[in-house]
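In: Sequence and computational prediction follow.
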Amino acid sequence: MMGGRDSGITAVAGGLARHIPVLIRPVMEFLAPRDGGVYVDSTFGAGGYSREILRAADARVIGIDRDASAIAAGRALADAAGGRLTLVEDRFSQLREVTAASGYAAVDGVVCDLGVSSMQLDEAVRGFSFRQDGPLDMRMGRGGASAADVVAAASERDLAFIIKTLGEDHHARAIARAIVAARGSAPIRTTLELAAIIERVVHSRPGAIHPATRTFQALRIFVNEELSELAAALRAAETVLKPGGRLVVVSFHSLEDRIVKSFLVERARVAASSRHLPEPARIAPTFRSLTKRPVTADYSEIAANPRARSAKLRAAERTAAPSVEARAPVSLPRLPSLAAILRGRPQ
(Lines give C-alpha, C1' and ligand atoms only; values in the text may rest on other atoms or scores of the structure.)
Protein backbone atom coordinates (compact mmCIF):
# COMPACT_ATOMS: atom_id res chain seq x y z
CA MET A 1 0.00 0.00 0.00
CA MET A 2 1.36 3.39 -0.96
CA GLY A 3 2.08 6.06 1.59
CA GLY A 4 -0.67 8.67 1.39
CA ARG A 5 -0.83 12.46 1.31
CA ASP A 6 -2.96 13.78 4.16
CA SER A 7 -3.81 17.08 2.42
CA GLY A 8 -5.69 18.15 5.55
CA ILE A 9 -7.51 14.83 5.91
CA THR A 10 -6.28 14.32 9.48
CA ALA A 11 -7.32 17.83 10.40
CA VAL A 12 -11.01 17.14 9.83
CA ALA A 13 -11.06 13.72 11.48
CA GLY A 14 -12.78 15.04 14.59
CA GLY A 15 -15.74 16.25 12.59
CA LEU A 16 -16.73 12.74 11.52
CA ALA A 17 -15.53 10.61 14.39
CA ARG A 18 -18.77 9.32 15.92
CA HIS A 19 -18.98 6.36 13.56
CA ILE A 20 -16.02 4.00 13.92
CA PRO A 21 -15.33 2.22 10.62
CA VAL A 22 -15.53 -1.53 11.19
CA LEU A 23 -12.70 -3.88 10.16
CA ILE A 24 -10.78 -0.90 8.78
CA ARG A 25 -7.41 -2.68 8.66
CA PRO A 26 -8.52 -5.71 6.58
CA VAL A 27 -10.73 -3.46 4.44
CA MET A 28 -7.71 -1.39 3.48
CA GLU A 29 -5.49 -4.45 3.00
CA PHE A 30 -7.95 -6.02 0.56
CA LEU A 31 -8.84 -2.77 -1.19
CA ALA A 32 -5.10 -1.92 -1.56
CA PRO A 33 -5.44 1.74 -2.63
CA ARG A 34 -2.73 2.96 -4.98
CA ASP A 35 -1.65 6.33 -6.37
CA GLY A 36 -3.74 7.38 -9.34
CA GLY A 37 -6.53 4.91 -8.52
CA VAL A 38 -10.25 5.64 -8.40
CA TYR A 39 -12.32 4.09 -5.61
CA VAL A 40 -16.03 4.06 -4.79
CA ASP A 41 -17.07 4.25 -1.15
CA SER A 42 -20.60 3.16 -1.98
CA THR A 43 -22.00 3.64 1.54
CA PHE A 44 -20.18 6.80 2.62
CA GLY A 45 -21.80 7.20 6.07
CA ALA A 46 -19.40 9.14 8.27
CA GLY A 47 -16.61 8.85 5.71
CA GLY A 48 -14.37 6.47 7.64
CA TYR A 49 -13.33 4.34 4.68
CA SER A 50 -13.04 7.34 2.35
CA ARG A 51 -10.74 9.08 4.80
CA GLU A 52 -8.45 6.07 5.03
CA ILE A 53 -8.30 5.64 1.24
CA LEU A 54 -7.40 9.31 0.79
CA ARG A 55 -4.76 9.03 3.50
CA ALA A 56 -3.27 5.81 2.09
CA ALA A 57 -2.71 6.93 -1.49
CA ASP A 58 -2.91 9.85 -3.89
CA ALA A 59 -6.19 8.44 -5.16
CA ARG A 60 -9.65 9.74 -5.97
CA VAL A 61 -12.79 8.64 -4.12
CA ILE A 62 -16.45 8.79 -5.11
CA GLY A 63 -18.55 8.71 -1.93
CA ILE A 64 -22.20 7.66 -2.33
CA ASP A 65 -24.94 7.81 0.29
CA ARG A 66 -28.71 8.03 0.04
CA ASP A 67 -28.76 9.93 3.36
CA ALA A 68 -28.61 13.68 2.71
CA SER A 69 -27.31 14.34 6.23
CA ALA A 70 -24.33 12.04 5.63
CA ILE A 71 -23.46 13.92 2.45
CA ALA A 72 -23.78 17.26 4.25
CA ALA A 73 -21.60 16.07 7.13
CA GLY A 74 -18.96 14.89 4.65
CA ARG A 75 -18.43 18.31 3.06
CA ALA A 76 -15.56 19.16 5.41
CA LEU A 77 -13.73 15.99 4.42
CA ALA A 78 -14.35 16.73 0.73
CA ASP A 79 -13.00 20.26 1.15
CA ALA A 80 -9.91 18.98 2.94
CA ALA A 81 -9.31 16.41 0.20
CA GLY A 82 -8.59 19.13 -2.35
CA GLY A 83 -10.81 17.78 -5.12
CA ARG A 84 -9.96 14.11 -4.60
CA LEU A 85 -13.33 13.30 -2.98
CA THR A 86 -16.63 13.59 -4.84
CA LEU A 87 -19.81 13.17 -2.80
CA VAL A 88 -23.07 12.05 -4.41
CA GLU A 89 -26.47 11.66 -2.78
CA ASP A 90 -27.89 8.47 -4.29
CA ARG A 91 -28.57 4.80 -3.63
CA PHE A 92 -25.54 2.55 -3.82
CA SER A 93 -27.39 0.36 -6.29
CA GLN A 94 -26.83 3.28 -8.71
CA LEU A 95 -23.04 3.20 -8.39
CA ARG A 96 -22.61 2.43 -12.08
CA GLU A 97 -24.57 5.54 -13.11
CA VAL A 98 -22.90 7.65 -10.41
CA THR A 99 -19.43 6.54 -11.51
CA ALA A 100 -20.19 7.36 -15.15
CA ALA A 101 -21.64 10.76 -14.22
CA SER A 102 -18.46 11.48 -12.27
CA GLY A 103 -16.44 10.93 -15.43
CA TYR A 104 -15.13 7.39 -14.93
CA ALA A 105 -15.93 4.40 -17.13
CA ALA A 106 -14.22 2.01 -14.70
CA VAL A 107 -12.75 2.10 -11.18
CA ASP A 108 -10.06 0.33 -9.18
CA GLY A 109 -12.09 -0.56 -6.11
CA VAL A 110 -15.55 -0.60 -4.53
CA VAL A 111 -16.18 -0.85 -0.79
CA CYS A 112 -19.61 -1.39 0.82
CA ASP A 113 -20.42 -1.11 4.54
CA LEU A 114 -23.98 -2.38 4.89
CA GLY A 115 -26.65 -1.62 7.44
CA VAL A 116 -27.36 1.41 9.59
CA SER A 117 -24.67 3.80 10.82
CA SER A 118 -24.01 4.98 14.37
CA MET A 119 -24.99 8.50 13.31
CA GLN A 120 -28.41 7.34 12.20
CA LEU A 121 -28.95 5.35 15.39
CA ASP A 122 -27.92 8.34 17.52
CA GLU A 123 -30.49 10.68 15.94
CA ALA A 124 -33.86 9.99 17.58
CA VAL A 125 -35.71 11.86 14.84
CA ARG A 126 -34.60 9.24 12.29
CA GLY A 127 -36.56 6.53 14.12
CA PHE A 128 -33.97 3.76 13.83
CA SER A 129 -33.49 3.12 17.54
CA PHE A 130 -35.89 1.64 20.09
CA ARG A 131 -33.80 3.19 22.88
CA GLN A 132 -34.81 6.77 22.06
CA ASP A 133 -38.25 8.23 21.46
CA GLY A 134 -38.76 9.49 17.95
CA PRO A 135 -41.04 9.14 14.95
CA LEU A 136 -41.26 5.60 13.60
CA ASP A 137 -39.48 6.50 10.38
CA MET A 138 -36.35 4.41 9.57
CA ARG A 139 -35.93 5.80 6.03
CA MET A 140 -32.31 6.21 4.96
CA GLY A 141 -33.26 8.55 2.14
CA ARG A 142 -35.63 11.46 1.74
CA GLY A 143 -38.69 9.75 0.26
CA GLY A 144 -40.74 6.59 0.24
CA ALA A 145 -42.77 4.81 2.88
CA SER A 146 -41.81 4.96 6.55
CA ALA A 147 -41.84 2.14 9.08
CA ALA A 148 -44.98 3.69 10.57
CA ASP A 149 -46.68 3.35 7.16
CA VAL A 150 -45.82 -0.35 7.01
CA VAL A 151 -46.87 -0.99 10.61
CA ALA A 152 -50.20 0.76 9.93
CA ALA A 153 -51.04 -0.95 6.62
CA ALA A 154 -49.53 -4.45 6.56
CA SER A 155 -51.67 -7.46 7.39
CA GLU A 156 -50.83 -9.59 10.40
CA ARG A 157 -49.62 -12.32 8.04
CA ASP A 158 -47.30 -9.98 6.13
CA LEU A 159 -45.95 -8.38 9.30
CA ALA A 160 -45.15 -11.80 10.72
CA PHE A 161 -43.43 -12.85 7.50
CA ILE A 162 -41.35 -9.66 7.34
CA ILE A 163 -40.25 -9.96 10.99
CA LYS A 164 -39.48 -13.68 10.71
CA THR A 165 -37.61 -13.43 7.38
CA LEU A 166 -35.68 -10.20 7.83
CA GLY A 167 -35.42 -10.21 11.62
CA GLU A 168 -35.07 -13.98 12.02
CA ASP A 169 -37.27 -13.70 15.11
CA HIS A 170 -39.16 -16.83 16.20
CA HIS A 171 -41.62 -14.57 18.10
CA ALA A 172 -42.70 -13.02 14.79
CA ARG A 173 -46.32 -14.23 14.89
CA ALA A 174 -46.88 -13.04 18.46
CA ILE A 175 -45.32 -9.67 17.69
CA ALA A 176 -47.39 -9.19 14.52
CA ARG A 177 -50.57 -10.14 16.39
CA ALA A 178 -49.77 -7.61 19.14
CA ILE A 179 -49.05 -4.85 16.62
CA VAL A 180 -52.34 -5.39 14.78
CA ALA A 181 -54.28 -5.44 18.08
CA ALA A 182 -52.58 -2.26 19.31
CA ARG A 183 -53.07 -0.28 16.11
CA GLY A 184 -56.79 -1.07 16.29
CA SER A 185 -56.97 1.21 19.32
CA ALA A 186 -54.54 3.95 18.25
CA PRO A 187 -51.97 4.53 15.50
CA ILE A 188 -48.41 3.43 16.32
CA ARG A 189 -46.37 6.52 15.52
CA THR A 190 -43.22 6.44 17.65
CA THR A 191 -40.30 4.10 18.29
CA LEU A 192 -41.00 3.75 22.00
CA GLU A 193 -44.66 2.93 21.35
CA LEU A 194 -43.67 0.06 19.08
CA ALA A 195 -40.93 -1.12 21.45
CA ALA A 196 -43.39 -1.17 24.36
CA ILE A 197 -45.86 -3.29 22.37
CA ILE A 198 -43.14 -5.82 21.61
CA GLU A 199 -41.89 -5.87 25.21
CA ARG A 200 -45.35 -6.85 26.41
CA VAL A 201 -45.29 -10.09 24.39
CA VAL A 202 -41.59 -10.95 24.30
CA HIS A 203 -39.79 -11.23 27.61
CA SER A 204 -36.01 -11.24 27.31
CA ARG A 205 -33.61 -12.93 29.66
CA PRO A 206 -30.89 -10.94 31.46
CA GLY A 207 -28.02 -10.30 29.09
CA ALA A 208 -30.09 -11.04 25.97
CA ILE A 209 -30.72 -8.53 23.22
CA HIS A 210 -33.67 -6.16 23.57
CA PRO A 211 -36.95 -7.83 22.49
CA ALA A 212 -37.50 -5.14 19.82
CA THR A 213 -34.07 -5.53 18.19
CA ARG A 214 -35.05 -7.97 15.47
CA THR A 215 -38.38 -6.31 14.63
CA PHE A 216 -36.72 -2.91 14.21
CA GLN A 217 -34.03 -4.52 12.06
CA ALA A 218 -36.63 -6.23 9.89
CA LEU A 219 -38.70 -3.09 9.37
CA ARG A 220 -35.60 -1.04 8.51
CA ILE A 221 -34.42 -3.57 5.93
CA PHE A 222 -37.92 -3.82 4.43
CA VAL A 223 -38.62 -0.07 4.27
CA ASN A 224 -35.27 0.66 2.62
CA GLU A 225 -35.41 -2.41 0.35
CA GLU A 226 -31.89 -3.17 1.50
CA LEU A 227 -31.56 -6.69 0.12
CA SER A 228 -32.60 -5.78 -3.43
CA GLU A 229 -30.36 -2.70 -3.19
CA LEU A 230 -27.45 -4.94 -2.21
CA ALA A 231 -28.07 -7.35 -5.08
CA ALA A 232 -28.18 -4.45 -7.56
CA ALA A 233 -25.02 -2.91 -6.08
CA LEU A 234 -23.09 -6.17 -6.44
CA ARG A 235 -24.09 -6.46 -10.09
CA ALA A 236 -23.16 -2.81 -10.65
CA ALA A 237 -19.75 -3.30 -9.03
CA GLU A 238 -19.12 -6.20 -11.39
CA THR A 239 -19.67 -3.90 -14.38
CA VAL A 240 -17.56 -0.94 -13.21
CA LEU A 241 -14.48 -2.64 -11.76
CA LYS A 242 -11.35 -2.79 -13.90
CA PRO A 243 -9.50 -6.11 -14.28
CA GLY A 244 -7.62 -6.45 -10.99
CA GLY A 245 -10.04 -4.09 -9.24
CA ARG A 246 -11.17 -5.05 -5.76
CA LEU A 247 -14.65 -5.46 -4.25
CA VAL A 248 -14.80 -5.38 -0.44
CA VAL A 249 -18.11 -5.85 1.41
CA VAL A 250 -18.72 -5.63 5.16
CA SER A 251 -22.11 -7.00 6.25
CA PHE A 252 -23.84 -7.23 9.62
CA HIS A 253 -26.80 -9.51 8.90
CA SER A 254 -26.79 -13.18 8.00
CA LEU A 255 -29.06 -12.62 5.00
CA GLU A 256 -26.73 -9.93 3.65
CA ASP A 257 -23.70 -12.14 4.11
CA ARG A 258 -25.41 -15.05 2.35
CA ILE A 259 -26.25 -12.81 -0.62
CA VAL A 260 -22.65 -11.57 -0.87
CA LYS A 261 -21.26 -15.09 -0.47
CA SER A 262 -23.54 -16.65 -3.09
CA PHE A 263 -22.84 -13.82 -5.55
CA LEU A 264 -19.06 -14.18 -5.24
CA VAL A 265 -19.15 -18.00 -5.33
CA GLU A 266 -21.27 -17.95 -8.49
CA ARG A 267 -19.15 -15.25 -10.15
CA ALA A 268 -15.92 -17.08 -9.30
CA ARG A 269 -16.83 -20.26 -11.17
CA VAL A 270 -17.07 -21.16 -14.84
CA ALA A 271 -20.73 -21.08 -15.87
CA ALA A 272 -22.73 -22.35 -18.84
CA SER A 273 -24.69 -19.82 -20.89
CA SER A 274 -27.70 -22.16 -21.18
CA ARG A 275 -28.21 -25.76 -20.15
CA HIS A 276 -30.70 -26.18 -23.02
CA LEU A 277 -28.08 -25.78 -25.75
CA PRO A 278 -26.35 -28.96 -27.01
CA GLU A 279 -22.89 -27.51 -26.43
CA PRO A 280 -23.36 -24.61 -24.07
CA ALA A 281 -20.85 -21.79 -24.24
CA ARG A 282 -18.74 -21.48 -21.14
CA ILE A 283 -18.77 -18.14 -19.30
CA ALA A 284 -15.48 -17.26 -17.63
CA PRO A 285 -15.39 -16.22 -13.95
CA THR A 286 -15.71 -12.49 -13.39
CA PHE A 287 -14.26 -12.55 -9.86
CA ARG A 288 -11.49 -14.31 -7.98
CA SER A 289 -12.32 -14.71 -4.31
CA LEU A 290 -9.79 -13.30 -1.85
CA THR A 291 -11.54 -14.62 1.29
CA LYS A 292 -12.27 -18.34 1.60
CA ARG A 293 -14.08 -17.58 4.83
CA PRO A 294 -15.42 -14.21 6.02
CA VAL A 295 -13.01 -12.03 7.97
CA THR A 296 -14.34 -11.10 11.41
CA ALA A 297 -13.27 -8.67 14.10
CA ASP A 298 -10.86 -9.73 16.81
CA TYR A 299 -11.52 -9.34 20.53
CA SER A 300 -9.78 -5.97 20.83
CA GLU A 301 -11.87 -4.39 18.05
CA ILE A 302 -15.11 -5.77 19.46
CA ALA A 303 -14.19 -4.41 22.90
CA ALA A 304 -13.54 -0.96 21.40
CA ASN A 305 -16.49 -1.05 18.99
CA PRO A 306 -19.34 -3.48 19.87
CA ARG A 307 -20.88 -2.89 16.41
CA ALA A 308 -18.03 -4.99 15.00
CA ARG A 309 -19.30 -8.11 16.79
CA SER A 310 -21.53 -9.24 13.92
CA ALA A 311 -19.43 -7.86 11.05
CA LYS A 312 -18.28 -10.16 8.25
CA LEU A 313 -15.95 -9.08 5.45
CA ARG A 314 -15.75 -10.73 2.06
CA ALA A 315 -13.48 -9.57 -0.76
CA ALA A 316 -12.83 -10.49 -4.36
CA GLU A 317 -10.73 -9.34 -7.30
CA ARG A 318 -12.22 -8.61 -10.73
CA THR A 319 -10.93 -10.75 -13.58
CA ALA A 320 -10.64 -9.63 -17.21
CA ALA A 321 -13.75 -11.59 -18.22
CA PRO A 322 -16.66 -9.46 -19.44
CA SER A 323 -19.80 -9.16 -17.35
CA VAL A 324 -22.69 -10.99 -19.03
CA GLU A 325 -26.41 -11.05 -18.31
CA ALA A 326 -26.52 -14.84 -18.79
CA ARG A 327 -24.99 -15.43 -15.38
CA ALA A 328 -27.35 -16.51 -12.60
CA PRO A 329 -29.22 -13.65 -10.90
CA VAL A 330 -28.70 -12.92 -7.21
CA SER A 331 -31.14 -15.00 -5.15
CA LEU A 332 -33.29 -13.01 -2.70
CA PRO A 333 -35.99 -14.07 -0.23
CA ARG A 334 -39.52 -13.60 -1.56
CA LEU A 335 -41.09 -10.76 0.42
CA PRO A 336 -44.50 -9.09 0.45
CA SER A 337 -44.78 -6.18 -1.96
CA LEU A 338 -44.25 -2.82 -0.29
CA ALA A 339 -46.35 -1.13 -2.98
CA ALA A 340 -49.25 -3.57 -2.44
CA ILE A 341 -49.12 -3.08 1.33
CA LEU A 342 -49.32 0.68 0.95
CA ARG A 343 -52.25 0.35 -1.46
CA GLY A 344 -54.11 -1.51 1.24
CA ARG A 345 -53.97 -4.81 -0.61
CA PRO A 346 -51.51 -6.92 1.40
CA GLN A 347 -50.43 -10.06 -0.42
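Out: Yep, it's here. Treat the numbers as computed from the prediction; the structure is a model and nothing was measured. Residues are numbered from 1 along each chain as shown.

In: Low-confidence regions, the stretch 1-150 of the chain specifically.
Out: Counting by pLDDT under 70, the ranges of the stretch 1-150 of the chain that qualify are 1-19, 117-128.

In: give the contact list for the most centrally placed residue in the chain.
Out: The residue lying closest to the centre of the chain (CA atoms, centre = their mean) is L114, at 2.3 Å. Going by CB atoms under 8 Å, 6 or more residues apart in numbering, L114 touches 43, 226, 230, 249-253, 256. (Each C-beta comes from the backbone N, C-alpha and C, glycine too.)

In: A59 touches G37, doesn't it?
Out: Yes: under the criterion of CB atoms under 8 Å, A59 makes contact with G37 at 4.4 Å.

In: Between the two, which contacts overlap?
Out: Common neighbours of A59 and G37 (CB under 8 Å, 6+ apart) are D108.

In: pLDDT weak spots in the stretch 151-300 of the chain?
Out: For the stretch 151-300 of the chain, the ranges with pLDDT under 70 are 272-281.

In: Quick check: can you list the domain ranges of this structure?
Out: Following automatic domain parsing, one gets these domains for the chain: 10-118+226-318, 124-224+334-342.

In: Please name whichever of the ones you listed is nearest to R327.
Out: For these, the distance to R327 is smallest for domain 10-118+226-318, at 5.7 Å, taking CB to CB.

In: so how far is that closest one off the chain centroid?
Out: Relative to the chain's own centre, domain 10-118+226-318 is displaced by 9 Å; criterion: CA atoms, centre = their mean, to the nearest Å.

In: Against K312, how distant is the residue nearest to the centre of the chain?
Out: Distance of L114 to K312, given as CB to CB, to the nearest Å: 10 Å.

In: what touches both of these two?
Out: 250-252.

In: What segments of the stretch 51-200 of the chain are strands?
Out: 60-65, 85-89, 107-113 (DSSP state E, counting those that start in this stretch).

In: can you put those strands in TSV and add mean neighbour count and distance to R205?
Out: Formatted as TSV, the strands of the stretch 51-200 of the chain follow (neighbours: other CB atoms under 10 Å; distance: least, CB to CB, whole Å):
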stretch	mean neighbour count	distance to R205
strand 60-65	26	37
strand 85-89	21	42
strand 107-113	26	31
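
In: Any chance of those strands in TSV with distance to R288 as columns?
Out: Below are the strands of the stretch 51-200 of the chain laid out as TSV (distance: least, CB to CB, whole Å):
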stretch	distance to R288
strand 60-65	24
strand 85-89	28
strand 107-113	14
